[in-house]
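[1] fold the following and give me the result.
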Amino acid sequence: QVQLVESGGGLAQAGGSLRLSCAASGRTFSSYAVGWFRQAPGKEREFVAAIRWSDTTAYADSVKGRFTISRDLAKSTVALQMNSLKPEDTAVYYCAIGFVRVLSADRQYDYWGQGTQVTVSS
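    Predicted coordinates for the structure are as follows:
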């Protein structure tokens, strides 16, 4: 059984930075795609960023140039560095893994973490 645990969320001011981490147990990330998604209150879950085993990455337009996804295979962790945060980045952030064809397609991911809250104040 794969378990994903997100950490690093919290409160930041607009313009600030946070670094989220997703740790896996029961399986390594080496063959999977790993995605970050977020869900704000009253809104649908949306794609943020993802990385394949080949290190191909993808980003939502809303975070491109501000967020960076990276992977540490030795530690079985995937990080999401979030810079220049905006109040609209406020959401619960989830990591997920799976053998996906489309990195932004949340339904193609098989395992999900419990989420970590990110709140950005103006």
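[2] need the phi and psi values for Gln108.
    Backbone torsions for Gln108, taken as degrees, to the nearest 10, come to phi -90, psi -10.
[3] next: the one 10 residues further on.
    For Val118, the backbone dihedrals (degrees, to the nearest 10) come out as phi -120, psi 130.
[4] cool, and Gly8?
    Dihedral angles for Gly8 - degrees, to the nearest 10 - are phi 100, psi 0.
[5] what about it, neighbour count?
    16 (other Cβ atoms under 10 Å). For every residue, glycine as well, the C-beta is placed using N, CA and C.
[6] state the helix or strand in which the closest residue to it other than its chain neighbours lies.
    With Cβ to Cβ, 6 or more residues apart in numbering as the criterion, Gly8 has its nearest non-adjacent residue at 4.2 Å, and that residue is Leu20. Taking DSSP states H and E as the criterion, Leu20 maps to strand 18-25.
[7] in its sheet, which strands sit next to the helix or strand following that strand, and in what direction?
    Once strand 18-25 ends, the next helix or strand along the chain (criterion: DSSP H and E) is strand 33-39. Partners of strand 33-39 in the sheet, by DSSP bridges, are strand 46-51 (antiparallel), strand 91-98 (antiparallel).
[8] between the shortest one and strand 18-25, how many degrees?
    The one in question is strand 46-51. On the basis of axes from the mean of the first three to the mean of the last three Cα atoms, to 10 degrees, strand 46-51 is oriented at 70 degrees to strand 18-25.
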